[in-house]
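Engineer: What would the 3D arrangement of this be:
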Amino acid sequence: MLDTPIPNLIRGDLFPDTSHSPSLAELVGYERAAEIVDFCFIANPYYPTPEMLAALAESLPALIKSYPSSNPATAQRALAEVLGVDPDDLIVGNGATGLIALINEALVDRIGVPVPTFGEYIEKLRDPAAAVLYALRADREFQLDLGEYLAWARGRHLRSLLVINPGNPTGQLHSLDEMVGFLEAARDLDLVIVDESFIDFAGDPIPTLLPLAERFPNLLIVRSMSKHYGVPGLRLGFCYSRNREMLDRLRRLVPTWHLNSLAEYFLTLLPSNEAAYRQSLARVTADVGRLRDELSAIPGLSVYPTGSNFVLFRIEGNMTAARLQERLLVDRLMYVRDCSNKVGLDDRHVRVASQGREADERLVDALRDLMREAGAG
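Structural biologist: Presented below is the predicted three-dimensional model:
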């Protein structure tokens, strides 16, 4: 347990400094962070495998003394093998956020963005006013109607649109048929960015647009690899399109040595561990379904549908998301995402990522206790 009381350790001043959440290491230090269950940052708790972690640890001394490849094809080939795509249609980047910044710089002048959303798509624009916000309605559980969205965009003469599927922070999942119908109707647009960072958690077979991208020259798929591969610290992401001209515009902005050596080595481990990866996804999917059901049974919480490995809920009482986050961190050593700084959400929304059945059950027990206390007050 912690030697020093948690309240004396939390760097609460860090929260206003970012539209994301501070890391646990920032809040309480690297040593104490290991004592806290992190439901805030979204990552597969069952992957990488222990054997993969051992291989990374064994190779670390050599890797940190070595430059990564200056040839981007090295990383592209390893990832393309597990994705079943042509490596020349990929750009592997230093996390999805790094690629989003390049996309906004090279391809986006004015873009429709449904909110609430992942803030990087707005904040990394050359001009934040270039984001034309499409407000999702609370009385519809923030569900995005793709047909209404496209009609709204045409009414504003937008040539570029963003869809995150499954949504972040909402968890909403559009079926593959829905996405294909939307892209067919949007063929005349210059650019449709589809962020599939959570799509691997959405079912088996995975309802990704990757095999269908050749049909849509205006489609650019973006994915973070932090979430489904469970390696947010390695900073890996990719974008994919069959439009080589579009990719060439992005490649010109990609710096040399844009991946670190450890991340590049991790990619080479993926093909031989594909079976274990698929098993980890099945475990996460089962866990998050159970987590959502148990959260839905807690009086005082309104829980949204999800097609991802996280659940968004709203506190229907006097407690704010910030207060709930504080109570869980201080009293229960659990860290959840206060979504108050997400455009389009109020100060009662919280997102929690599944961290395995045992940890999830502890979270449910803690939330049940907090809601009972709030109701009693």
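Engineer: Now tell me what touches the top helix by length along the chain from outside.
Structural biologist: What stands out as the longest helix in the chain, according to DSSP state H, is helix 274-296. Helix 274-296 is contacted from outside by 44-47, 49, 82, 200-201, 203-204, 228-230, 270, 301, 303, 305-306, 308-311, 313, 352, 354, 356-357, 360-361, 363-364, 367, using C-beta atoms under 8 Å, 6 or more residues apart in numbering. Heads up, the C-betas are built off the backbone N, CA and C, glycines and all.
Engineer: In helices, which of those fall?
Structural biologist: 82, 228-229, 357, 360-361, 363-364, 367.
Engineer: Turn those residues into TSV, columns for pLDDT.
Structural biologist: Rendered in TSV, the data for those read as follows (pLDDT from 0 to 100):
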residue	pLDDT
82	95
228	95
229	97
357	96
360	98
361	98
363	98
364	98
367	98
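Engineer: Quick check on those: which are buried?
Structural biologist: Neighbour-count burial within the ones in helices among the contacts of helix 274-296 applies to 228-229, 360, 363-364, 367; the criterion is 16 or more other C-beta atoms under 10 Å.
Engineer: hey, where'd the strands end up in the stretch 51-200 of the chain?
Structural biologist: Per DSSP state E, counting those that start in this stretch, the stretch 51-200 of the chain carries strands over the ranges 90-93, 111-115, 131-135, 160-164, 191-195.
Engineer: CA atoms only for the third one, dumped as PDB, please.
Structural biologist: Think strand 131-135. This file holds the C-alpha atoms of strand 131-135, laid out as PDB (Å, rounded to 0.1, in the frame of the first residue of the first chain):
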ATOM      1  CA  ALA A 131     -13.900  22.300 -37.400                       C
ATOM      2  CA  VAL A 132     -17.700  22.600 -38.000                       C
ATOM      3  CA  LEU A 133     -19.200  20.900 -35.100                       C
ATOM      4  CA  TYR A 134     -22.200  18.600 -35.400                       C
ATOM      5  CA  ALA A 135     -23.700  18.300 -31.900                       C
END
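Engineer: Give the buried residues for it.
Structural biologist: Within strand 131-135, the residues scored as buried using 16+ other C-beta under 10 Å are 131-132, 134.
Engineer: hang on, the earlier thing: dump the ones in helices among the contacts of helix 274-296 into CSV; add distance to residue 220 as well.
Structural biologist: Shown next, in CSV, are the ones in helices among the contacts of helix 274-296 (distance: C-beta to C-beta, whole Å):
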residue, distance to residue 220
82, 20
228, 19
229, 21
357, 36
360, 34
361, 40
363, 36
364, 38
367, 38
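Engineer: which one among these gets closest to residue 154?
Structural biologist: residue 228 (33.6 Å; C-beta to C-beta).
Engineer: got the contact list for that closest one?
Structural biologist: With the criterion set at C-beta under 8 Å, 6+ apart, residue 228 makes contact with 44, 47, 197-198, 200-201, 281, 309.
Engineer: Need the max-distance pair from those.
Structural biologist: Those two in the contacts of residue 228 that are separated most widely, counting by C-beta to C-beta, are 47 and 197, at 15.1 Å.
Engineer: correct me, but residue 146 touches residue 165?
Structural biologist: No: using C-beta atoms under 8 Å, residue 146 makes no contact with residue 165, being 9.5 Å away.
Engineer: So between these two, which is more surrounded?
Structural biologist: Neighbours per residue (other C-beta atoms under 10 Å) separate residue 146 from residue 165, with residue 165 holding more: 28 against 19.
Engineer: Okay, helices next: where are they in the protein?
Structural biologist: Going by DSSP H, the chain shows helices at 24-28, 30-33, 50-63, 73-83, 95-106, 120-123, 146-155, 176-185, 226-229, 244-251, 261-269, 274-296, 321-332, 357-376.
Engineer: Fine by me, we can end here.
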